[in-house]
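Participant: Using only what follows, build the 3D model:
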Amino acid sequence: MWLADRWKDYEVIDCSCGEKLERWSKYILLRPDPQVIWDTPKTNKNWKKLNGHYHRSKKGGGEWEFFDLPQEWEIRYSLPIKKELTFHLKPFSFKHTGLFPEQAANWDFMSEKIRQSSLEEIRILNLFAYTGGATMACSKAGASEVVHVDASKGMVQWAKEN
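Facilitator: Residues are numbered from 1 along each chain as shown. Presented below is the predicted three-dimensional model:
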């Protein structure tokens with residue numbers, strides 16, 4: 001199993017009753033997660049100190065409720081090659097923040113492969129690239145060219161900002 005264990009600014013604090021309590025920098029978010037099928041006591045104090053809570057609608061979708069959360073903020077991740085990635089986050093109308101933290105294990109793998117390669121030129125094509133986590137990791141690791149492709153113009157712009 002690969003672990004995404006180099007996060008400086010992200011952690012899963014707790015989870016219960018179909019929801020995941022997370023720390024994104026100094027902000028505490030509560031979001032639905034269908035994989036959380038257990039009902040455990042919510043003893044962590046952060047359950048009551050939320051900056052944002054995404055409420056799922058019974059009709060599908062849902063909406064955010066905010067408590068002192070900025071429109072945008074940053075978090076950092078350290079690659080195993082001693083390089084740091086910085087991401088701009090903001091809550092989406094469909095519970096996302098612009099980043100899938102569990103993908104960091106893949107960024108670690110890719111950056112190590114690029115760093116260890118004996119090839120003179122490494123060209124990467126990142127399809128369905130979202131906001132650019134893998135794109136950034138490959139670029140920081142030394143890939144000579146990284147092409148970022150996503151169908152959403154907004155995601156490509158967000159990746160440029162990252």
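
Participant: Now do the same contact list for residue 2.
Facilitator: Contacts for residue 2 were tallied using Cβ atoms under 8 Å, 6 or more residues apart in numbering; they are 105-106, 108-109. Yep, even glycine has a C-beta here, placed from its N, CA and C like the rest.

Participant: Turn these into a markdown table, including neighbour count, pLDDT and secondary structure.
Facilitator: Formatted as a markdown table, the contacts of residue 2 follow (neighbours: other Cβ atoms under 10 Å; pLDDT from 0 to 100; DSSP: H, G, I helix; E, B strand; the rest coil):
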| residue | neighbour count | pLDDT | secondary structure |
| --- | --- | --- | --- |
| 105 | 15 | 96 | helix |
| 106 | 15 | 96 | helix |
| 108 | 22 | 95 | helix |
| 109 | 14 | 95 | helix |
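
Participant: Quick check: of those residues, which lies closest to residue 122?
Facilitator: residue 109 (14.2 Å; Cβ to Cβ).

Participant: Nearest residue to that closest one in space, please, no chain neighbours.
Facilitator: residue 2 (6.6 Å; Cβ to Cβ, 6 or more residues apart in numbering).

Participant: hmm, who's touching stretch 57-71?
Facilitator: Outside stretch 57-71, the residues that touch it by Cβ under 8 Å, 6+ apart are 27, 29, 32, 50-56, 90-91, 93-95.

Participant: just so I have it, where are all the helices in this protein?
Facilitator: For the chain, applying DSSP state H gives helices covering 104-116, 133-141, 153-161.

Participant: closest to residue 124 out of these?
Facilitator: It's helix 133-141; of the helices of the chain, that one is closest to residue 124 (Cβ to Cβ) at 4.6 Å.
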